[in-house]
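Engineer: okay, predicted coordinates and the sequence, questions at the end:
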Amino acid sequence: MESSTEAGGTPRRAAARKSTTKKSPARKSTAKKATAKRSGPGGKAAASRPAEPAMVQLLTPEGERVEHPDYSLDITHEEIRGLYRDMVLTRRFDAEATALQRQGELGLWPSLLGQEAAQIGSGRALRPDDYVFPTYREHGVAWCRGVDPTLLLGMFRGVNHGGWDPNSNNFHLYTIVIGSQALHATGYAMGVRMDGSDSAVLAYFGDGASSQGDVAEAFTFAAVYQAPVVFFCQNNQWAISEPIERQTRVPLYQRAAGYGFPGVRVDGNDVLAVLAVTRAAAEHVRTGQGPILVEAFTYRMGAHTTSDDPTRYRRKEDLEAWEAKDPILRLRRLLEREGAADDAFFAALDEESDALARRVREAIRTMPDPDAMAVFENVYADGHPLVDEERAQFADYLASFTDHEHQQHGGN
Ligand SMILES: Cc1ncc(C[n+]2csc(CCOP(=O)(O)OP(=O)(O)O)c2C)c(N)n1
Ligand SMILES: [Mg+2]
């Protein structure tokens with residue numbers, strides 16, 4: 001299968017790349033980049049990886065604003081500072097959660113390190129009445145939706161199955177079953193359309209999820225029913241240890257064409273471009289034009305989760321190349337270049353980050369354990385004899401302990 005011509009770029013692939021490359025300074029400048037070669041599980045195909053196709057970019061890694069013919073962004077310095085603040089606080093929260101896992105306070109944590117721009121840019125493009133269906137890594141989007149970050153920790157501590165009311169912020173519960181939320185989002189969006197509302201629905205998913213049947217089915221239904229859903233794929237180039245080359249032979253945004261809706265690739269480390277592209281995508285679905293796929297091309301700078309060790313499958317050089325494109329650093333360079341933020345702003349933000357970290361630690365340490373019997377609640381709406389039997393057995397088991405602590409919470 002992986003012949004040398006295929007690996008080096010077939011005429012089909014070359015043609016596909018050509019057809020999506022419009023002339024613009026931004027596109028030209030990015031098209032040259034990212035010819036990184038990989039060793040490891042990608043094998044031969046990965047080693048001969050063709051150049052990445054062009055993507056929408058409004059801010060270079062050096063922090064310089066560039067124009068794009070299809071996407072422009074009117075944004076004030078104050079708004080740019082706001083995006084910077086969102087990204088810094090989200091990264092700090094994420095770092096704190098990682099540390100809390102290491103200290104035994106959380107069972108697991110999926111870090112979003114490196115994906116702050118993809119999440120804040122898309123999250124800030126939405127209206128309150130829009131509805132978001134996340135994976136398990138959308139801590140930055142949750143922040144934009146106004147979900148208190150401490151609520152995100154409960155499931156990873158094992159004290160609840162979610163921890164927030166999805167309808168309070170139109171932000172669904174985290175979804176671990178890869179790709180399934182694309183179907184939930186599509187069904188919800190079909191309902192939105194039937195209601196005659198102009199809300200947009202966002203389905204977040206990863207590059208690995210793009211291989212799931214659920215995502216393919218969601219694409220089909222959304223296209224056929226013209227559902228107002230933005231499929232927002234964060235292509236962080238890894239699905240645990242599986243590289244993107246194992247998921248697709250074409251750039252992911254091009255998949256949309258086969259289903260009959262548009263797709264666009266945006267620089268996922270450029271918060272301004274992600275904001276502009278997601279706003280346009282939301283407008284597209286609001287105005288009854290059916291679904292759209294946004295591929296935010298980014299990189300997972302951390303491990304898949306705290307249970308993962310990426311040094312076993314990815315090269316240090318790749319990580320270093322992406323560190324140079326850090327989304328936060330890039331926006332800071334813009335703020336400094338344009339004199340849009342002074343030392344006092346950065347110092348105040350440092351203090352705010354510390355305060356957030358303190359609040360998160362405090363919340364974890366005071367988070368109550370659930371009652372051991374709670375695990376039997378909400379299994380069936382009207383109960384079930386088998387669950388009743390198990391509940392009774394477990395109650396007997398707990399009662400067999402002599403001390404109060406075990407009777408309350410079980411465990412050891
Ligand atoms: C249906 C299903 N299959 C397998 C898994 C195990 N799993 C958890 S995360 C993951 C990789 C997902 O990769 P991607 O969609 O790229 O998202 P990322 O974690 O990179 O954000 C897999 C296979 C799962 N949770 N659900
Ligand atoms: Mg991924």
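Structural biologist: Alright, I've got the coordinates. Ligands and ions are numbered 1, 2, ... in the order given.
Engineer: from the stretch 151-300 of the chain, which residue is nearest to ligand 2?
Structural biologist: Closest to ligand 2 within the stretch 151-300 of the chain is residue 206: 3.6 Å, counting by C-beta to the ion. In this view, the C-beta of every residue, glycine as well, is placed from N, C-alpha and C.
Engineer: just give the nearest non-adjacent residue to that residue, would you?
Structural biologist: residue 234 (5.8 Å; C-beta to C-beta, 6 or more residues apart in numbering).
Engineer: okay, and the beta partners of that neighbour?
Structural biologist: Applying DSSP bridges to residue 234 yields these beta-bridge partners: residue 206, residue 296.
Engineer: from memory it sits against residue 268, does it?
Structural biologist: Yes. With contacts counted by C-beta atoms under 8 Å, residue 234 reaches residue 268, the gap being 6.3 Å.
Engineer: overlap in contacts, those two.
Structural biologist: Residues touching both residue 234 and residue 268 (C-beta atoms under 8 Å, 6 or more residues apart in numbering) are 115, 118, 296, 298.
Engineer: stretch 295-314 - what's its average pLDDT?
Structural biologist: Across stretch 295-314, the average pLDDT comes to 97.
Engineer: alpha carbons of that stretch, as PDB, please.
Structural biologist: Taking Å, rounded to 0.1, in the frame of the first residue of the first chain, the C-alpha atoms of stretch 295-314 are listed here in PDB:
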ATOM      1  CA  GLU A 295     -10.000  22.100  10.900                       C
ATOM      2  CA  ALA A 296      -7.800  23.900  13.400                       C
ATOM      3  CA  PHE A 297      -4.300  22.800  12.600                       C
ATOM      4  CA  THR A 298      -2.400  22.700  15.900                       C
ATOM      5  CA  TYR A 299      -0.200  20.500  18.000                       C
ATOM      6  CA  ARG A 300      -0.700  18.800  21.300                       C
ATOM      7  CA  MET A 301       2.400  20.000  23.200                       C
ATOM      8  CA  GLY A 302       1.800  17.900  26.300                       C
ATOM      9  CA  ALA A 303       1.000  14.200  26.800                       C
ATOM     10  CA  HIS A 304      -2.300  12.800  25.600                       C
ATOM     11  CA  THR A 305      -3.200  12.600  29.300                       C
ATOM     12  CA  THR A 306      -1.200  12.300  32.500                       C
ATOM     13  CA  SER A 307      -1.200   8.500  31.900                       C
ATOM     14  CA  ASP A 308       0.800   8.900  28.700                       C
ATOM     15  CA  ASP A 309       4.500   9.300  28.000                       C
ATOM     16  CA  PRO A 310       4.900  11.000  24.500                       C
ATOM     17  CA  THR A 311       8.700  10.700  24.600                       C
ATOM     18  CA  ARG A 312       8.100   7.100  23.700                       C
ATOM     19  CA  TYR A 313       6.700   7.900  20.300                       C
ATOM     20  CA  ARG A 314       7.400  11.400  19.200                       C
END
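Engineer: report the closest residue of the chain relative to ligand 1.
Structural biologist: For the chain and ligand 1, the shortest gap (C-beta to the nearest ligand atom) falls at residue 206, measuring 2.4 Å.
Engineer: touching, that residue and residue 237? I think so.
Structural biologist: No. Counting by C-beta under 8 Å, residue 206 sits too far from residue 237 to count as a contact (9.7 Å).
Engineer: related to what we said a few turns ago, and the residue of the stretch 151-300 of the chain closest to ligand 2, what does it touch?
Structural biologist: When contacts are counted by C-beta under 8 Å, 6+ apart, residue 206 touches 135, 137, 178, 233, 234, 235, 236, 239.
Engineer: please tell me how far it sits from residue 54.
Structural biologist: Shown here: residue 206 relative to residue 54, a distance of 22 Å by C-beta to C-beta, to the nearest Å.
Engineer: if we ignore the residues flanking it in sequence, what's nearest residue 241?
Structural biologist: Once flanking residues are discounted, residue 241 sits nearest to residue 313: 4.3 Å by C-beta to C-beta, 6+ apart.
Engineer: same check on residue 247?
Structural biologist: residue 211 (5.0 Å).
Engineer: what about that neighbour, distance to residue 114?
Structural biologist: In terms of C-beta to C-beta, residue 211 sits 22 Å off from residue 114.
Engineer: who has more neighbours, the two?
Structural biologist: Taking other C-beta atoms under 10 Å, residue 211 and residue 114 do not tie; residue 114 has more neighbours (24 against 16).
Engineer: quick one: that one and residue 269 touch, right?
Structural biologist: Yes. The pair residue 114 and residue 269 passes the contact test of C-beta under 8 Å, sitting 7.4 Å apart.
Engineer: hey, what's in contact with both of these two?
Structural biologist: Common neighbours of residue 114 and residue 269 (C-beta under 8 Å, 6+ apart) are 298, 299, 322, 326, 327.
Engineer: chain neighbours aside, what residue packs nearest to the third one?
Structural biologist: Sequence neighbours aside, residue 299 is the residue nearest to residue 322 in space, at 4.0 Å (criterion: C-beta to C-beta, 6+ apart).
Engineer: and for the most centrally placed residue in the chain, nearest residue in space, chain neighbours not counted?
Structural biologist: Nearest to the geometric centre of the chain sits residue 138, at 4.6 Å (C-alpha atoms, centre = their mean). Spatial nearest neighbour of residue 138, excluding adjacent residues (C-beta to C-beta, 6+ apart): residue 204 at 5.4 Å.
Engineer: what about the strands in the stretch 151-300 of the chain?
Structural biologist: All strands of the stretch 151-300 of the chain, identified by DSSP state E, counting those that start in this stretch, fall at 201-206, 229-235, 238-239, 242-243, 263-267, 292-297.
Engineer: dump those to TSV, plus distance to residue 303.
Structural biologist: Conversion of the strands of the stretch 151-300 of the chain to TSV gives the following (distance: least, C-beta to C-beta, whole Å):
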stretch	distance to residue 303
strand 201-206	14
strand 229-235	16
strand 238-239	10
strand 242-243	14
strand 263-267	23
strand 292-297	20
